[in-house]
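below: sequence and its predicted model.
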Amino acid sequence: MTIHHDTRPTLNLIRLANGEGLDLPAYESKGAAGMDLRAAVDEAAPLTLLPGKRALVPTGFIFEIPEHFEGQIRPRSGLAFKNGITCLNSPGTVDSDYRGEVKVLLANLGEEPFVISRGMRIAQMVIAPVTQARIAEITEASETTRGAGGFGSTGV
Ligand SMILES: O=c1ccn([C@H]2C[C@H](O)[C@@H](COP(=O)(O)OP(=O)(O)OP(=O)(O)O)O2)c(=O)[nH]1
Ligand SMILES: [Mg+2]
């Protein structure tokens, strides 16, 4: 008999008043990298995002991202392709010590107004490991073959 231990980190969610009745963020397929986030806008007042505009859309939850991880908020490709909807600060960063409501900064790069209704899956969040570096100031950079070459220095 094989015993499979669940080694996944736990993501604790705290539902806020505006998240009442919303489905939990969820992975929509077995191997999905991101869990879809839903819009916690007022049922009676959908949000219309005009072309060229941006809006901070609430998710209705506080996420306790486990220590040594981050939440990366990314656009959904379907909304981006069909409607020009993206996350302006993509990938958005949710820190493990953040205890406010997670919000999604959507921008409409399309040509039509886009209506965001309550419960709509507006973006996805990937939980990713984070390494914090020790920061040390030094006076000279070590030598390498590349040196200061960058920004296309190796050709296209
Ligand atoms: O798309 C996002 C990006 C950020 N945040 C929250 C969680 C994150 O931990 C906090 C701060 O984000 P960030 O560090 O990107 O913003 P900042 O402009 O540097 O603000 P701060 O000075 O608060 O760090 O805001 C979101 O809810 N959604
Ligand atoms: Mg910051």
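Perfect, thanks for sending it. Numbers count the residues shown, from 1 in each chain. Ligands and ions are numbered 1, 2, ... in the order given.

quick one: secondary structure of L79?
Here L79 is recorded as helix under DSSP: H, G, I helix; E, B strand; the rest coil.

so who does the residue in the chain that ligand 1 sits nearest to touch?
Relative to ligand 1, the nearest point of the chain is G92 (2.4 Å; Cβ to the nearest ligand atom). Every residue, glycine included, has its C-beta placed from N, CA and C. Residues near G92 by Cβ atoms under 8 Å, 6 or more residues apart in numbering: 71-74, 104-105, 123.

so which of the residues you listed is the most crowded?
A123 (28 neighbours; other Cβ atoms under 10 Å).

hmm, that one is touching C87, no?
Yes: using Cβ atoms under 8 Å, A123 and C87 qualify as a contacting pair, with a distance of 5.7 Å.

overlap in contacts, the two.
Common neighbours of A123 and C87, counting by Cβ under 8 Å, 6+ apart, are 73-75, 104, 106.

greatest separation within these: which pair is it?
For the shared contacts of A123 and C87, the farthest-apart pair by Cβ to Cβ is R74 and L106; their separation is 11.8 Å.

name the residues contacting each of these two.
Here R74 and L106 have 87, 123 as joint contacts, going by Cβ under 8 Å, 6+ apart.

phi, psi for the residue of the chain closest to ligand 1 please.
The phi and psi torsions at G92 (degrees, to the nearest 10) take the values phi -60, psi 150.
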